[in-house]
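Chemist: take this sequence and fold it.
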Amino acid sequence: MSVYDCIVVGAGIEGSASAHYLATNGQRTLLLEQFPLPHSRGSSHGQTRTIRKAYTQAIFAHMMEEAYPMWSKLETETGTELQRTTGILAMGVNKKGYVAEVKNALTSNGMKYTELNSKDLHDLYDISMYPDSSAIMDPEGGILKSGTALQTYQNQFIKHGGVILDKTELFSLEPGEIIKLHTNRGPYVARSVILCLGPWAGRFLNKLGVQFPLKVALHDGPVIDPDRRDQVENDWAIKICSEFVKDVFPGLEPDPCIVEHCIYTKTPDEHFVLDKLPLHPNLIIGAGFSGHGFKLAPVVGKILGNLAMGKASTYDLSQFRIDRFQRKASL
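Modeler: Numbers count the residues shown, from 1 in each chain. I've put the predicted structure just below:
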């Protein structure tokens with residue numbers, strides 16, 4: 001049986017970026033996906049995602065400094081437009097909460113931004129916010145073409161010698177110096193494995209004796225089973241969004257012309273899980289991307305790829321440890 005340097009499980013944006021990074025670093029890599037590609041069952045499909053440095057968490061703003069040129073490099077290498085700069089507004093109802101945190105994160109990283117008050121928002125953008133509202137304009141913000149970006153990463157992965165197998169479900173694995181994966185297509189073995197399982201992460205990691213809290217939801221939405229996502233009633237979410245648009249953006253049509261569902265996993269602190277399993281350092285976990293992982297995928301892929309190759313990270317990964325919620329784990 002052929003031994004891969006690394007097997008990445010989950011061909012969403014994080015897994016695909018990780019596999020691509022490994023392949024470009026000369027690693028013989030296999031990428032497994034449980035659904036037929038392309039699909040809309042996880043967190044990486046759709047037309048667009050936002051890209052920005054305007055974060056409340058300084059670490060994410062800092063990571064975006066590296067992500068932007070990595071996205072641009074992928075565009076240049078493939079001749080494919082993946083991002084479009086439009087500027088992004090981070091708005092809040094007062095100056096002490098969300099907007100202040102975004103400002104602090106940008107300031108601590110020496111990044112450009114413009115402060116706006118409620119009058120500025122009305123005069124410049126016809127936005128009707130409360131009188132004490134404020135906003136930060138991130139001039140480098142914009143959109144990523146998410147579906148195109150995912151396909152581009154996968155195509156480049158194959159171009160660099162990687163192998164993708166879709167319709168391949170992971171049932172179980174046997175840790176060891178050489179890890180054995182059991183799938184519906186049979187067994188596969190590798191020196192290291194990266195698990196980017198999205199909403200299925202908690203369920204599978206429980207089998208490995210690793211317990212950590214993940215919520216599959218909107219930021220304020222229902223907990224769901226990813227295998228029964230279509231059974232969740234969500235008309236209320238559309239109604240809330242429509243009413244917000246009607247009140248705050250009077251110049252826009254409030255009813256959506258397209259509705260597309262996307263699920264994701266949340267950790268309690270909304271930070272990622274980027275870590276090795278304590279007793280099996282060749283088993284790597286990427287999870288809990290909390291709805292803002294897409295734009296950071298190039299950096300996440302680099303971090304997970306370096307963990308799999310045993311290389312040091314340029315980031316402090318202590319805040320992304322898997323055991324920060326529960327220090328006791330069986331692995």
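Chemist: which element is L307 on?
Modeler: Taking DSSP states H and E as the criterion, L307 maps to helix 297-309.
Chemist: sorry, that was for S72
Modeler: In the assignment (DSSP H and E), S72 maps to helix 58-78.
Chemist: also compute the angle for that helix relative to helix 297-309, please.
Modeler: For helix 58-78 against helix 297-309, the angle by axes from the mean of the first three to the mean of the last three C-alpha atoms, to 10 degrees is 100 degrees.
Chemist: quick revisit: tell me what the helix holding L307 is packed against?
Modeler: Here helix 297-309 touches strand 3-9, helix 13-24, helix 58-78, strand 186-195, strand 273-277, strand 280-287, going by 3 or more C-beta pairs under 8 Å, 6 or more residues apart in numbering; DSSP states H and E. To be clear about C-beta, it is placed using only N, CA and C from the backbone, and glycine gets the same treatment.
Chemist: which SSE is immediately downstream of the helix holding S72?
Modeler: Stepping forward along the backbone from helix 58-78, the first helix or strand reached (DSSP H and E) is strand 83-85.
Chemist: paired strands for the helix or strand following that next one, with orientation please.
Modeler: Next in sequence after strand 83-85, counting helices and strands by DSSP H and E, comes strand 88-92. Note on strand 88-92: by DSSP bridges, its sheet partners are strand 134-138 (antiparallel).
Chemist: what strands line up against the helix or strand just after the strand it pairs with, and which way round?
Modeler: Downstream of strand 134-138, the first helix or strand assigned by DSSP H and E is strand 142-144. Using DSSP bridges, strand 142-144 pairs in its sheet with strand 49-51 (antiparallel), strand 83-85 (antiparallel).
Chemist: contacts for strand 142-144, please.
Modeler: 48-52, 71, 82-88, 294-295 (C-beta atoms under 8 Å, 6 or more residues apart in numbering).
Chemist: go on, stretch 181-190?
Modeler: Outside stretch 181-190, the residues within contact range by C-beta under 8 Å, 6+ apart are 1-7, 9, 30, 32, 165, 167-174, 178-180, 193.
Chemist: from start to finish, how long is it in a straight line?
Modeler: Stretch 181-190 has an end-to-end distance of 8 Å (C-alpha to C-alpha, to the nearest Å).
Chemist: pull out the buried positions in it.
Modeler: By neighbour count on 16 or more other C-beta atoms under 10 Å, the buried set for stretch 181-190 is L181, T183, Y188, V189, A190.
Chemist: out of the residues you listed, which one sits closest to F157?
Modeler: The closest of the buried residues of stretch 181-190 to F157 turns out to be A190 (C-beta to C-beta; 15.5 Å).
Chemist: that closest one and P131: what is the separation?
Modeler: Between A190 and P131 the computed distance is 59 Å (C-beta to C-beta, to the nearest Å).
Chemist: distance to L150 and mean pLDDT added to the helices and strands packed on helix 297-309, as CSV?
Modeler: As requested, those are arranged in CSV below (distance: least, C-beta to C-beta, whole Å; pLDDT from 0 to 100):
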stretch, distance to L150, mean pLDDT
strand 3-9, 14, 98
helix 13-24, 5, 98
helix 58-78, 11, 96
strand 186-195, 17, 98
strand 273-277, 19, 93
strand 280-287, 15, 95
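Chemist: format the ones you listed as JSON lines; extra columns: distance to A149.
Modeler: Formatted as JSON lines, the helices and strands packed on helix 297-309 follow (distance: least, C-beta to C-beta, whole Å):
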{"stretch": "strand 3-9", "distance to A149": "17"}
{"stretch": "helix 13-24", "distance to A149": "7"}
{"stretch": "helix 58-78", "distance to A149": "8"}
{"stretch": "strand 186-195", "distance to A149": "19"}
{"stretch": "strand 273-277", "distance to A149": "20"}
{"stretch": "strand 280-287", "distance to A149": "17"}
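Chemist: out of the ones you listed, deepest packed?
Modeler: For the helices and strands packed on helix 297-309, the largest average neighbour count (mean count of other C-beta atoms under 10 Å) is found in helix 13-24, namely a mean of 29.
Chemist: output the helix or strand just after that one as PDB, nothing but the C-alphas.
Modeler: Proceeding N to C from helix 13-24, the next assigned helix or strand is strand 29-32, under DSSP H and E. Only the C-alpha atoms of strand 29-32 are listed here, as PDB (Å, rounded to 0.1, in the frame of the first residue of the first chain):
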ATOM      1  CA  THR A  29      -0.600  14.600  -0.700                       C
ATOM      2  CA  LEU A  30      -4.100  13.000  -1.000                       C
ATOM      3  CA  LEU A  31      -7.200  15.100  -0.500                       C
ATOM      4  CA  LEU A  32     -10.400  13.300   0.500                       C
END
